[in-house]
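**Student:** sequence first, predicted coordinates after that:
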Amino acid sequence: MLAALDEVLEVPAQRVDPNARFDVYGVDSISAVEMSRVLSRELGVVPNTLFLEYPSVHELAEYLAHHYAEAFPAPATPPAPSPQRPAYAAASAPVARSAPPAFASPGSSEPVAIIGMAGRFPGAPTLPAFWELLRAGDSGITQVPAARWDWRTHVDDGGSRYGGFLAHVDHFDHALFGLSLAEAQAMDPSERLFLELAWETFEHAGYPRGRRVAAQRGRGQGIAVFAGCMYRQYADLATDARTRGLLSSGSHWSMANRVSWCFDLRGPSLALDNACAAGLTAIDLACQALARRDCGMALVGAANLSLSPHKYAALDLMGLTSKGARPRLFGGGDGFVPGEGVASLLLKPLGQAQLDGDRVLALVRGSAGSHGGHTAGFSIPDVAGLADAAQLALDRAGLAPEQLDYLELAANGSSIADAIEQRALARVFAPGRAPLPVGSSKANIGHLEAASGLAQVIKVVMQLRQRVLVPSLARGAESTPVDPRFALIDAPAPWTARANAAPLRAGVQGFGAGGSNAFVVLEAAPDEGADPAVDLAVAGPHSFWFSALTTDRLCAWVTAVIEFIEAERPRPHDLAHTLRVARERLPERLAVIADDCPTLVEVLRAWLIAERDHAPEHGEQASCPGAVRGRVGPRDPALAGPEADDFLRALSHNHRHVELAHLWVRGVEVSEVSEPAAAPAPAQLLELPAYPFAPTVCWLAAPPEPHSAGLTPRAVVTNLLAELLELDPHSVELDRSLADYGVSSMLGSFLLAGIRQRLGARLPVAALREAASVSELISRVEATLAGSSPDAESEDLPQGLIQLRADNTDHADHADVASFWIHGAPGFAFVFRDLPDLLGDRGPVYAFEARGVDGIAPPFTDLDHQISHYLELLTRVRPHGPYLLGGYSLGGVLALELARRLRARGEVITGVVMFDTLTADAEGLELDLDGPTWRRLIADMFLVDATLPADALDGVPVDLHDSHLARLLVETGRTIVPPREVYRYLRGAFSVCIHHGEALRRWTPAAIEGVDLLYFRAGLGADGAPRSSAKANTAIETWQRFVDRPIRVVDLPATHFELLRPAHHERIRVELERLSKPMIP
């Protein structure tokens, strides 16, 4: 050892105090590894953690003399006795323990039941999605999304550009929690997410407000909140000092206290920050509070977000992050990949949970925490401290180490920390037994820091419930345990009980960068015994109750339940019970009386169609046979008091479902509905989808635009072109045509937006087409500012609507037809850039652009909401017809429904145009909307008269597809999107496309009368080969069912993606001319 110190750190032997700590001489994690290698030359392979594990010469010498005795001659005289190490300091033979009786060991406490849980993780917005991701060994790790920050401008050489990110962290249903938009915008996003997760967890456990109030009656029966947290970066995003000061005044305490306040929870409320051990420490504190009877239940949660590039910069500077997309775990890594996540659990003493009839997901048998004390580095864990926490948790559980058969490690990719963790756990669990299965979810979702412990627990709970061990590594990760006494699971494997039929048990390990440790022992839920009647159907009728805050959310909730029924096929008895007792009762209500689930689905679908047809246009509540719809209003005094309660009980006892439904939808609190007397088994609580929160954007306002005083049109136009094309402003030639600079409608929209922001001049996209050069565009801007240009009166268009040609007619005479064109699945309007030339002089031309194509705003997830939004935009700029409506691909679906709604208002429709619009049930492109072929074809749309090679993505890793395509697009030099924006818009197009595909599968078209439909059909398949006649006719036959006039079909010798290319313009122009005469309804 002295030789190692001298060789590595040049510390002479005479300077070394045998009882001094190694870190006094400068030993850190790097030099410790080097000195271990020096020892290995003399002793054979030794662990590279020894100089950290045994922090003084004396202690390490004792270890080496015991374990490597053959390498040292026996001393002439016995050595002097040395100070004793704490328990578990030496890896000696295991202490003999007798297996204690379940739940009755001395010192053990009553198990705590996990009765509800919820979580959102990278690549997995729901727990079922999380399970599928884990089971498949998939990864939610990606490059930093462009919507967060441009990693290329923030990452130095060697920095991290990968992470696990949550979608829509800017969304929050503030109205549901009684908060104003302004108040919600000022809240940290992690606090908002925890509120929604708390709602989901209470739903999952079956504790809506009424049951929570009842549960908290009595001293010590309140519901506690323990929240783990770390960062608060929201203030970093503020652009002004006042907002930054307001946001930075918040603190961690509000994360827990806000949940207690919003849900009226009366138990202790505590936020804690001990770095990455926060989630497991929160469980430990909650279990202690329950044991002391400080509370009757405890909500445990944690959240972790990466909102600012400054966080990544700080982690990079400390050398904590991995440089790759796949962390190497268990000892071979170079750091961790940060991950986002939010999770929560609802805990309750097992005995009380069983008395209350709660569904028990799993048990917390024991938990404990510790600190490693002074180690070789502030962020380096301690072997003895980790081992102490694990053993103390086992002691509290009344279990011996050999009674656990799986460990979920904190392993995050730090070579030294992962090795120390294994050494610590090997002391407690490994002696004298076969290799112990271990795992970690860090390669799947990244290191969730404060939320990592809860993610680990949820993973283990799902494994216990499924009795399956999932792969320990995501595909592509190269990792192996440094300790052979542990074994990884490389494929899904059954988790079988031991021979003595003991319940499945597991340990979950966590530790934080500051030295905090935590360990939790989990056990499978007690077997209540199989009920032979549990699968038997119960004869109806049954009352199914649905409620939401708004009509929009009620439709979303009904849709989610329909999908659940079709996927899970539940017993109607269980579904009715869960909807009534486990869900909040909100103002907008719907009740359905049905004998079985197929009938229920039929009624719900009919109600959705009725709601879509009537409510958006008339503001009235839709109705249909079998459904009772209502809204909670002022309470009727006649339905209150003891007599009313007796009346309601009588209705329930006599199974008067219809009368009860009419009362309930009006707000009468019906406490119970009697089930059929012949029910063979009690109703079971189902795990329904979560409430569909409104996707309201709650985020900081965009920074104000700089003042335009002193800027000339020439300076603004040339500077904008230079910025968009990444040119030197002095190289912009005024006499050069805009086409030479690649200015099409999309690039032009960037240019016109900049002109409007900096000068206040509003020009339509048509101005770009009519200006032959940069100089002419400048002249148009000058004329507009002077008020002498026809563009000066161009309307102030709402976001999402692009004007391709100005409206120069008098709206009063409705002389010309206004045409509106709807994008395809990727969402871009620029596909219609040439349409004004094909429509002659027939009035203004507009194109819709989908929300989310910029890679920032959230895409629509429901076609009905999207169509309603487009209807509002259309009528805002053109209140009355006549209208010509059209759509490319998916846009045709929206155009036909838009026409139907306008016809219902009495407006004139000259026709509807579809460019190869397929239906959800038609044989279409047969492409994976998230696959490489589809992504390449979408990327082609960004090019002017060019295409990418078919093998563009061959051999490219899946996680690099998007960045590779962006690079190829920029390299062509003919992209219609600014080079610096290519990646963001490409990602936006992919996201919008996937959301549209999912929404289309849930959409059912409605019939329309009295409208001509012109259909341009692609004659070639995606591979360029002629389409078969069967496939070519499928979409036509489908659409003919929804229109009462024969469809005019025009075949074009093009693929689906080439229909609007110049080669087909003349044929399209001729056919569009046929629709020039408006039809009067």
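**Tutor:** Happy to help now that I have it. As the structure is a computational prediction, the values presented were derived from the model and not from experiment.

**Student:** distance check, Leu1072 against Val877.
**Tutor:** Counting by C-beta to C-beta, to the nearest Å, the separation of Leu1072 from Val877 is 21 Å. For glycine as for every other residue, the C-beta is placed from the backbone atoms N, C-alpha and C.

**Student:** let me fix that: Asp173
**Tutor:** The gap separating Asp173 from Val877 is 30 Å, by C-beta to C-beta.

**Student:** between Leu1072 and Val877, which is the more surrounded one?
**Tutor:** Set Leu1072 next to Val877 and count neighbours by other C-beta atoms under 10 Å: Leu1072 wins out with 21 against 17.

**Student:** measure that one to Ala829 for me?
**Tutor:** Applying C-beta to C-beta, the value for Leu1072 to Ala829 is 18 Å.

**Student:** what is the subsequent helix or strand relative to the longest helix seen in the chain?
**Tutor:** Scanning the chain for the helix with the most residues, using DSSP state H, yields helix 597-618. Under the assignment DSSP states H and E, the closest C-terminal helix or strand after helix 597-618 is strand 627-631.

**Student:** show me how far that next one is from its chain's centre.
**Tutor:** Relative to its parent chain, strand 627-631 has a centroid offset of 32 Å by C-alpha atoms, centre = their mean, to the nearest Å.

**Student:** which secondary structure elements does that strand contact?
**Tutor:** When contacts are defined as 3 or more C-beta pairs under 8 Å, 6 or more residues apart in numbering; DSSP states H and E, strand 627-631 packs onto strand 588-594, helix 597-618, helix 657-665.

**Student:** kindly recompute the last result at 6 Å.
**Tutor:** strand 588-594, helix 657-665 (3 or more C-beta pairs under 6 Å, 6 or more residues apart in numbering; DSSP states H and E).

**Student:** how far does stretch 1000-1014 sit from its chain's centre?
**Tutor:** Chain-centre distance of stretch 1000-1014: 32 Å, with C-alpha atoms, centre = their mean.

**Student:** quick one: buried residues of it?
**Tutor:** 1000, 1003, 1005, 1008, 1011-1014 (16 or more other C-beta atoms under 10 Å).

**Student:** same check, this time on stretch 1012-1030
**Tutor:** In stretch 1012-1030, counting by 16+ other C-beta under 10 Å, buried: 1012-1018, 1020-1022, 1027.

**Student:** ok, stretch 595-614 next?
**Tutor:** The neighbour-count criterion (16+ other C-beta under 10 Å) identifies 597, 599-601, 603-604, 607-608, 610-612, 614 as the buried residues of stretch 595-614.

**Student:** want to throw those into a markdown table with distance to Pro471 and pLDDT?
**Tutor:** Output for those, formatted as a markdown table (distance: C-beta to C-beta, whole Å; pLDDT from 0 to 100):
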| residue | distance to Pro471 | pLDDT |
| --- | --- | --- |
| Cys597 | 35 | 94 |
| Thr599 | 42 | 94 |
| Leu600 | 38 | 94 |
| Val601 | 36 | 94 |
| Val603 | 43 | 94 |
| Leu604 | 38 | 93 |
| Trp607 | 43 | 91 |
| Leu608 | 40 | 87 |
| Ala610 | 47 | 84 |
| Glu611 | 44 | 81 |
| Arg612 | 43 | 72 |
| His614 | 50 | 61 |
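
**Student:** for the closest residue to Glu566 other than its chain neighbours, give its distance to Arg833.
**Tutor:** Leaving aside its sequence neighbours, Glu566 sits nearest to Val601 (C-beta to C-beta, 6 or more residues apart in numbering; 7.0 Å). The gap separating Val601 from Arg833 is 43 Å, by C-beta to C-beta.

**Student:** now swap in Ala20 and tell me
**Tutor:** 76 Å.

**Student:** next one: stretch 546-555 to chain centre, how far?
**Tutor:** Worked out by C-alpha atoms, centre = their mean, stretch 546-555 lies 22 Å from the chain centre.

**Student:** right, and the helix or strand after the helix or strand bottoming out on mean pLDDT in the chain?
**Tutor:** One helix or strand of the chain scores below all others by mean pLDDT, DSSP states H and E: helix 241-248, with a mean of 53. As assigned by DSSP H and E, the chain's next helix or strand after helix 241-248 is helix 253-263.

**Student:** which residues touch that next one?
**Tutor:** 177, 191, 194, 198, 225, 227, 229, 269-271 (C-beta atoms under 6 Å, 6 or more residues apart in numbering).

**Student:** and if you look at stretch 843-861?
**Tutor:** Contacts for stretch 843-861 (C-beta under 6 Å, 6+ apart): 146-147, 168, 695, 800-805, 807, 816-823, 827-829, 832, 836, 866, 870, 984, 987-989, 991-992, 995.
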